[in-house]
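Novice: Here is a sequence together with a model predicted from it:
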Number of protein chains: 2
Amino acid sequence: MKYHRLNQEDIHYLTEVIGMESTFVGEQIEKDFSHDELQTVSAYPEIHLLAQDKYQISKVMKYAHEKTIPVTVRGSGTGLVGACVPLHGGILLDVSKMNKIIELDKTNLTLRVEPGVLLMDIYEHVEKENLFYAPDPGEKSATIGGNISTNAGGMRAIKYGVTRDWIRGLEVVLPDGDIVTLGGKVVKNSTGYGLKDLIIGSEGTLAVIVEATLKLIPKPKKSVSLLVPFKSREDAIAAAPRLINEHVLPTALEFLEKQSLQYSETFLGKKIPHNDYEAYLLISYDGHNEQAIEEDIEIASSLCVNQYNALDVFLVDTEERRKSVWTVRGGFLEAIKASTSEIDECDVVLPRSNIGAFLNYVRKVSEDLNIRIPYFGHVGDGNLHIYFCKDDLDDAVWKEKLKVGFHALYEKAFSFGGLVSGEHGIGFAKREYMKKQLGEKQLMIMRGIKASFDPKHILNPGKVI
Amino acid sequence: MKYHRLNQEDIHYLTEVIGMESTFVGEQIEKDFSHDELQTVSAYPEIHLLAQDKYQISKVMKYAHEKTIPVTVRGSGTGLVGACVPLHGGILLDVSKMNKIIELDKTNLTLRVEPGVLLMDIYEHVEKENLFYAPDPGEKSATIGGNISTNAGGMRAIKYGVTRDWIRGLEVVLPDGDIVTLGGKVVKNSTGYGLKDLIIGSEGTLAVIVEATLKLIPKPKKSVSLLVPFKSREDAIAAAPRLINEHVLPTALEFLEKQSLQYSETFLGKKIPHNDYEAYLLISYDGHNEQAIEEDIEIASSLCVNQYNALDVFLVDTEERRKSVWTVRGGFLEAIKASTSEIDECDVVLPRSNIGAFLNYVRKVSEDLNIRIPYFGHVGDGNLHIYFCKDDLDDAVWKEKLKVGFHALYEKAFSFGGLVSGEHGIGFAKREYMKKQLGEKQLMIMRGIKASFDPKHILNPGKVI
């Protein structure tokens, strides 16, 4: 696709639409807007627009469509696969200032939000009303628009599902500027093809999300976590599926090893209690009835200790303990990033029965390639986050090891029934592996879908497909 | 699209693929296979094939694609909108004999099934292992393939979501015969466009489902229902959202009126206890802890009685009572069908806050048109089932009243933020209303998607789009 380069006339028009103070060109464009969180790819847009409402976005898209100008949508830029990087220049359509919470509807249990609202602000807004938005991705300063675009998962997916399960409706601007509504405040929908569900997870390549209607539920009155140290990594991993299929679903089930814990503690400068064991499960239960949760804890503890050689069971029940444990767990990615010069990541998701064998393979690859590969994972839902660390390798060696290592891990994951991405998406970085996994036929269909929405390929070119 | 009519050579080839005893042509084709449950539209196929496995289906599709022969997939034929009726003749691809349960995986909590497995057989198979497949559409003799194709909802949607939320993976045969796998035994997936979620709810127009991987959870140990009679319909309907947003989510929340109850009792020849009130809520709670459920019951009862003038609260706790109440509730559609010469239905879904006002309008339309319109509904999820009864009207008057009445109801539903179909789909019968609601732009995108999967438009022509 040959794209139009912006000239003075274009810049003038776009500035008129968005306003001088929200339009940035040339040197005014800050470096931050040329990359995402992981910085594995970078490119500057020709213009950076801070949109204020959907009507502006509609005008921008209509213009871009007429002129064949590429448009890349950006929220907080916390992505890890380069999806918000304007590879082909053009317009960077920044929705971070469209951060209004439009309506909390307590009867229909829905929350209408603009796309730039941060995840942490959603929690705050609904929880004070005793309501609950369950998806819990690690990065709380991500925007809801970004969460929807990657179909973000998070730690509570095992019990509550992923972002897709919590989106009742979307309003989107199509590539030609038309505004359409998909779904609504309704619990069920069998009205034609699932366009809403198609846009969820499409990483800004099909339409621009300008409003979302989220599903809410009553907030569980109580939530308790257990930190359970195990004699061996194998025991911890083997206990996980049993904790899921023998009783109620835990709210979260995370696997930690001493090493990641130490990185995180060092990075954050704070320690968690009971930090000197090899491997841990961090298990949460929530609900409305205290006795029911006590029963859950009882059953889980006895299973871990009696059948999987758990060394102890620490109740994370005070606010202070909860904060320290979950802060350290939440700090893993930042800590690993801070421990080295550069990282790249693999976000595979596997049937949970294969987690143990796969992690053995990860350690083997780490040894074979002589490269540090820390990892952590949502062992409850089979989604692992695996980080290759550059440390003091020179560029060429690093690139080569990454290539060989990624290839090995994805091939192994596929053989285990795994998929390329559990929650971070494909973006720019994982296209090759997705293609390998899904094959030409599925890609052809995806390209057809892309063309149905965006015949001129102006939305986020170079991503996903 | 001009379709090829089957000649002797085609029939010979298809008979070779499927086997003589599973191939029916001409007079051999039974009348049942020319319509669905509601019989609002009918057409015979040129050939009726009882497929035994996916390889046969792949061969049939490859052949149909080459020759441009229309193919309509059929499960149990329990649909209500004509989706399984072969409007353009061609091949009726019957998957009802592909009814094997392939694998129950207790570690990953998944069930792999062929598309012809009946819903009731799934429940039986997993519940004896203390596992649970939560979607609960009224028609238990529907196939899982049909449930997936309409994104069926059911009575437990309020707590557990709809079919889409319970499908981890699909294997499908594309219109040209290629077999592809979408998703798998994984909890999360952000690997490219959501093709699995697009095929769910596409009513057999995009691909032929040949295998599904269902999500399971541990079976709740206890489940209790309450039958709560109210002084007025308004009170019952007003209580519903409060029951949902003030405490835990009920498993089901159904609204019944005396009239539907009486139809069903007459039809089934059995009575439910406490059947002489004007309006009822039927409320269920489930969970793993007895005391927690008792607390739920306590809270719900006191809310109904103290704030919404409920006249009593009957605990449906014995197996006998449970059976009688849910059988009568489950018999509504059959009973209404049996009460008249012909029916047609409206399956709107609304924000639950608008149910009361909408049902007032339904009664007004019934009076204005002087036509009987019984209804019942999942008041918890906003999905209503509204039945126009022909009784002794002559054909022309019936058709006219249907047209005026449907038009009025859908327009009102749209104005309330409702959608054409909550769970029965669009099929043939509801296309006009879907078009009205979604507009030309969304239809154009859907047609583009259709063409990406099925460029020769051989799969289920005349349906949905």
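Specialist: Done, it's in.
Novice: going forward, measure contacts between C-alpha atoms and count neighbours the same way
Specialist: Fine.
Novice: can you tell me the helix or strand for the residue lying closest to A:V313 once chain neighbours are set aside?
Specialist: In space, and not counting its chain neighbours, A:V313 is closest to A:V228: 4.7 Å by CA to CA, 6 or more residues apart in numbering or on different chains. Following DSSP states H and E, the helix or strand that holds A:V228 is strand A:222-230.
Novice: averaged over its residues, what pLDDT does the next helix or strand after that strand have?
Specialist: Downstream of strand A:222-230, the next assigned helix or strand under DSSP H and E is helix A:233-245. The pLDDT scores in helix A:233-245 average 93.
Novice: ditto for stretch A:294-305
Specialist: For stretch A:294-305, the mean pLDDT works out to 95.
Novice: Can you point out the buried residues in it?
Specialist: Across stretch A:294-305, burial judged by 16 or more other CA atoms under 10 Å in any protein chain shown covers A:D296, A:I297, A:A300, A:S301, A:L303, A:C304, A:V305.
Novice: distance of the residue lying closest to A:D317 once chain neighbours are set aside from B:H288?
Specialist: Nearest non-adjacent residue to A:D317, counting by CA to CA, 6+ apart: A:V224, 5.8 Å away. Computed as CA to CA, to the nearest Å, the A:V224 to B:H288 distance reads 17 Å.
Novice: same question, A:P45
Specialist: Distance of A:P45 to B:H288, computed by CA to CA: 54 Å.
Novice: So which of these two has more stuff around it?
Specialist: Set A:P45 next to B:H288 and count neighbours by other CA atoms under 10 Å in any protein chain shown: A:P45 wins out with 25 against 18.
Novice: pretty sure the more buried one is in a strand, no?
Specialist: No - with DSSP: H, G, I helix; E, B strand; the rest coil as the criterion, A:P45 is assigned coil and is not in a strand.
Novice: Now it. Its backbone dihedrals?
Specialist: Backbone geometry at A:P45, expressed as degrees, to the nearest 10, gives phi -80, psi 170.
Novice: Now for it: which residues touch it?
Specialist: Residues counted as contacts of A:P45 (CA atoms under 8 Å, 6 or more residues apart in numbering or on different chains) are A:S34, A:P86, A:L87, A:H88, A:G89, A:G90, A:I91, A:L92.
Novice: okay, the nearest residue to it once chain neighbours are set aside: pLDDT?
Specialist: The shortest distance from A:P45 to any non-neighbouring residue, by CA to CA, 6+ apart, is to A:G89 (4.1 Å). pLDDT, A:G89: 98.
Novice: ok so, going back, hmm, who's touching the strand holding A:V228?
Specialist: With CA under 8 Å, 6+ apart, strand A:222-230 has contacts from A:236, A:277-290, A:293, A:297, A:304, A:308-317, A:322.
Novice: among those residues, which are in helices?
Specialist: A:A236, A:E290, A:I293, A:I297, A:C304, A:Y308, A:R322 (DSSP state H).
Novice: In PyMOL, how would I select the buried members of those?
Specialist: Filtering those down to the buried ones (16+ other CA under 10 Å) takes a single PyMOL command:
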select buried, chain A and resi 236+290+293+297+304+308+322
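Novice: Tell me the secondary structure of the residue nearest to A:E265 when sequence neighbours are not counted, please.
Specialist: In this structure, A:E265 finds its nearest non-sequential neighbour in A:K271, 5.4 Å apart by CA to CA, 6+ apart. Assigned with three-state DSSP, A:K271 falls in the coil class.
Novice: residue contacts, A:K271?
Specialist: By CA under 8 Å, 6+ apart, the neighbours of A:K271 are A:E265, A:S324, A:V328.
Novice: most surrounded residue in those residues?
Specialist: In terms of neighbours by other CA under 10 Å, those top out with A:V328 at 24 neighbours.
Novice: nearest residue to it other than its sequence neighbours?
Specialist: Per CA to CA, 6+ apart, closest to A:V328 is A:S264, 5.7 Å.
Novice: Check A:F24 too.
Specialist: Nearest non-adjacent residue to A:F24, counting by CA to CA, 6+ apart: A:H48, 5.0 Å away.
Novice: in the sheet, who's paired with that neighbour?
Specialist: A:F24, A:L92 (DSSP bridges).
Novice: Please parse chain A into its domains.
Specialist: A:8-97, A:101-218, A:222-333, A:340-431 (automatic domain parsing).
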